[in-house]
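Asks: okay, sequence plus prediction incoming.
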Amino acid sequence: MMELTAQAFGELRGLIQRLCGVALSADKEYLVRHRLEPVARAAGCTGFEELLRKLRGPEAQAISEAVVEAITTSETSFFRDGQPFEAVRRLMLPDLGERLLARKSRLPLLAGPTVRLWSAATATGQEAYSLAILVHDYVEANRSRGLMERDFSILATDVSASVLARARSAAYRERELARGLTPGQVARYLQRSGDHWLVREPVRRLVDFARANLIEPPFGLGPFDVIFCRNVLIYFDESTRQRICLRLHELLKAGGWLVLGAAESLYGLTDRFDTQPWEGALLYRKPPTKQ
Ligand SMILES: C[S@@+](CC[C@H](N)C(=O)[O-])C[C@H]1O[C@@H](n2cnc3c(N)ncnc32)[C@H](O)[C@@H]1O
């Protein structure tokens, strides 16, 4: 095992925080060593000091990406924690859909996707495809009233290129499906392909993927009606969380919803959102503009 001096650990912690916001506490030395040793070896380094030197040299970008990939945690599942997705199905989509139908009847030639959802740290994509299943079902149920798939769009982003590649492939192993999908949903929305299952069209087509780092300015993103930013703020320090939440606020349309992870809240970070407890889930809403 490579030796990790206190100085190299401190420098790596600082670098990781600058790269992706992840704030590692002083007791995470083992984690850094365990996850970055393979990165160091793959970069041809015999120790962490050499890795740090390379991270300041011409190969910095490629190695930095490998560091971020190695350090981030991509644990996720379909319909994780249930209730936030129920809120999308029973509260948000009906509200947004009715408003969209009203707009369409006033402006029948309105073009382009007009209800926009964002899965802001999507990992391997289960969160985004769960949203897409709900949107698909909502459109199916309201097609006769004039709703179409192209009235909705879902953007899924992550800082890690490797998890995004998996998300884009839309291919899951059986045990990943078993975490969150019923056998009926699997039969309806996925199809077997060798030893994997693929998300079927038209659900898959509803989601676009892009790389985005939450700690960098989100040029070109937004505005959104719903932002899922779940189980990622926990990895950041308080000032980073605060900055990100203010940006998410800017990226939401008036009246739009922000959904965080079950262990996350805006408490102490910002009071710009209205809180909306909903059947066991805590939703945040950007106040609607006054008429
Ligand atoms: C634990 S997963 C959460 C996945 C999903 N949102 C969920 O709740 O199931 C955390 C994800 O956040 C991503 N992440 C970490 N830092 C990030 C950053 N600065 N910008 C964007 N994504 C980030 C990681 O790559 C990882 O895929």
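Replies: Received it, and whenever you're ready, just let me know what you need.
Asks: would you mind listing what in the chain touches the ligand?
Replies: 20-22, 72-76, 80, 121-123, 127, 158-160, 163, 213-215, 230-232, 235, 261 (C-beta under 6 Å from any ligand atom). To be clear about C-beta, it is placed using only N, CA and C from the backbone, and glycine gets the same treatment.
Asks: what about 8 Å?
Replies: Within the chain, the residues that sit near the ligand (C-beta under 8 Å from any ligand atom) are 20-22, 68-69, 72-77, 80, 119-124, 126-127, 157-160, 163, 212-216, 228-232, 235-236, 261.
Asks: show me these that map onto helices.
Replies: Here DSSP state H is the test, and those give C20, V68, E69, Q126, E127, V163 as lying in helices.
Asks: which of the residues you listed ranks first by neighbour count?
Replies: Tallying neighbours with other C-beta atoms under 10 Å puts E127 at the head of those, with 28 neighbours.
Asks: next up, the contacts around that residue.
Replies: By C-beta atoms under 8 Å, 6 or more residues apart in numbering, the contact set of E127 is T76, R80, S119, A156, F228, R230.
Asks: where do the helices sit along the stretch 101-250 of the chain?
Replies: Here the stretch 101-250 of the chain has its helices, by DSSP state H, counting those that start in this stretch, at 126-142, 161-169, 174-178, 183-189, 238-251.
Asks: average pLDDT across the second one?
Replies: Taken as a whole, helix 161-169 carries a mean pLDDT of 97.
Asks: what's it packed up against?
Replies: With contacts taken as 3 or more C-beta pairs under 8 Å, 6 or more residues apart in numbering; DSSP states H and E, helix 161-169 sits against helix 60-71, strand 152-158, strand 207-211.
Asks: next, format the contacts of E127 as TSV and append distance to R188, neighbour count and pLDDT.
Replies: Written out in TSV, the entries for the contacts of E127 read as follows (distance: C-beta to C-beta, whole Å; neighbours: other C-beta atoms under 10 Å; pLDDT from 0 to 100):
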residue	distance to R188	neighbour count	pLDDT
T76	21	23	98
R80	19	20	98
S119	21	29	98
A156	21	28	98
F228	22	27	98
R230	24	23	98
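Asks: returning to what we had before: now render the helices and strands packed on helix 161-169 as TSV, adding distance to F224.
Replies: Putting the helices and strands packed on helix 161-169 into TSV (distance: least, C-beta to C-beta, whole Å) gives the following:
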stretch	distance to F224
helix 60-71	24
strand 152-158	8
strand 207-211	13
